[in-house]
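Student: I'd like to go over a predicted model; first the sequence, then the structure.
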Amino acid sequence: MLSEIKVGGEPLPIRESLVREMEVAWKRLAGPGTWWTGAERLAIAAEARHATNCRLCQRRKEALSPYTHDGEHDAMCELAPAAVEAIHRLVTDAGRITEKWVRSLDLDETKYVEIIGVLAVLTGLDTLHGALGLPLTQLPAAMPGEPVRQKPQGAKRNLAWVETVAPEDVGAGEPNPYPLHGDKNIHRGISLVPQEVINFFDLDVELYMKDDEIRDFDTEYRAISHAQIELIAGRTSALAGCFY
């Protein structure tokens with residue numbers, strides 16, 4: 001089923017399922033998460049959009065090493081300095097983040113991982129609008145409620161710089177993203193906060209394709225072919241410096 005989106009004043013078709021998941025994504029960003037409130041999650045999103053204008057981040061980006069420049073970020077919100085540091089580095093210079101830097105943050109690992117989840121969803125939403133030449137969506141109002149504050153019991157430090165949860169270690173009653181979206185390392189990356197895995201991949205599979213569809217080369221699930229999709233993805237990854 002197709003809906004429409006206006007680009008350059010012209011209506012273009014857009015899948016209803018994609019429209020639905022974008023609406024869900026915004027609601028989740030505005031609502032309480034696992035470790036941050038809805039207001040804090042929106043503050044993270046606002047700070048992420050602002051980070052590209054930060055003078056300290058620009059100096060670090062131009063430097064041979066980002067660790068040679070100290071100072072204060074040009075922050076626009078009242079998040080803790082460690083949270084601002086994490087947001088700005090993830091947005092402006094993620095390719096040079098080190099394990100030592102992650103360990104040095106005065107920020108609980110669970111909160112750091114949820115920040116990554118928020119930024120991942122926001123990046124998908126904002127990049128789509130930017131690619132279409134549309135203005136960024138205004139951030140919604142925060143929804144009330146308290147974070148769940150539940151850490152997975154089976155979290156272990158055996159895959160990444162942060163703890164992750166293997167499929168066999170998901171506890172009873174805990175959010176389990178693996179049956180729906182797959183259990184490869186890319187799905188386990190932010191599994192310390194399982195709901196963020198669900199939040200991101202619910203949107204990702206509509207922007208891209210479901211895991212099983214990617215490898216089904218006999219069926220074309222989108223208006224363009226697998227080959228065309230991967231050409232765009234490969235070019236985008238090269239320009240963004242993403243070598244996963």
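Tutor: Looks like it came in fine. Model, not experiment: these values are computed from the prediction.
Student: from here on, contacts and neighbour counts on C-alpha atoms
Tutor: Will do.
Student: Show me the longest helix that occurs in the chain.
Tutor: Across the chain, the longest stretch assigned as helix under DSSP state H is helix 109-131.
Student: In contact with the closest residue to Gly145 other than its chain neighbours, which residues?
Tutor: Nearest residue to Gly145, sequence neighbours excluded (C-alpha to C-alpha, 6 or more residues apart in numbering): Pro32, at 5.8 Å. The neighbours of Pro32, taking C-alpha atoms under 8 Å, 6 or more residues apart in numbering as the test, are Gly38, Ala39, Arg41, Met143, Pro144, Gly145, Glu146, Pro147, Val148.
Student: Output the contacting helices and strands for the longest helix of the chain.
Tutor: helix 16-30, helix 38-50, helix 81-92, helix 194-207 (3 or more C-alpha pairs under 8 Å, 6 or more residues apart in numbering; DSSP states H and E).
Student: now do 10 Å
Tutor: On a contact count with 3 or more C-alpha pairs under 10 Å, 6 or more residues apart in numbering; DSSP states H and E, helix 109-131 meets helix 16-30, helix 38-50, helix 81-92, helix 99-104, helix 194-207.
Student: mind checking how far the residue nearest to Gly145 is from Arg20?
Tutor: 20 Å (C-alpha to C-alpha, to the nearest Å).
Student: what's the closest of the contacts of Pro32 to Tyr67?
Tutor: Arg41 (26.9 Å; C-alpha to C-alpha).
Student: quick one: contacts for that closest one?
Tutor: 28-33, 35, 47, 114-115, 118-119, 142 (C-alpha atoms under 10 Å, 6 or more residues apart in numbering).
Student: Go through the residues you listed and give me the one with the most neighbours.
Tutor: Leu29 (28 neighbours; other C-alpha atoms under 10 Å).
Student: rewinding a little: from the contacts of Arg41, pick the one nearest Ala83.
Tutor: Nearest member of the contacts of Arg41 to Ala83, counting by C-alpha to C-alpha, is Ile115, at 8.2 Å.
Student: residues contacting the closest one?
Tutor: Going by C-alpha under 10 Å, 6+ apart, the list of residues near Ile115 reads 35-36, 40-41, 44-45, 48, 83, 86-87, 90, 109, 190, 196.
Student: of the residues you listed, closest to Pro13?
Tutor: Ala45 (27.8 Å).
Student: pLDDT-wise, which helix or strand of the chain ranks last?
Tutor: Ranked by mean pLDDT, DSSP states H and E, the helix or strand of the chain with the weakest confidence is strand 2-7, at a mean of 82.
Student: so what secondary structure elements neighbour that strand?
Tutor: Right, strand 2-7 is packed against strand 10-15, helix 16-30 by 3+ C-alpha pairs under 10 Å, 6+ apart.
Student: Quick check: which helices or strands does the last one pack against?
Tutor: Pointing back at helix 16-30 there. Using 3+ C-alpha pairs under 10 Å, 6+ apart, helix 16-30 sits against strand 2-7, helix 38-50, helix 109-131, helix 194-207.
Student: Rebuild the ones you listed as CSV, extending it with distance to Gln153.
Tutor: Shown next, in CSV, are these (distance: least, C-alpha to C-alpha, whole Å):
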stretch, distance to Gln153
strand 2-7, 42
helix 38-50, 24
helix 109-131, 13
helix 194-207, 12
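Student: quick one: which of those is nearest Asp74?
Tutor: Closest of the helices and strands packed on helix 16-30 to Asp74 is helix 38-50, at 8.5 Å (criterion: C-alpha to C-alpha).
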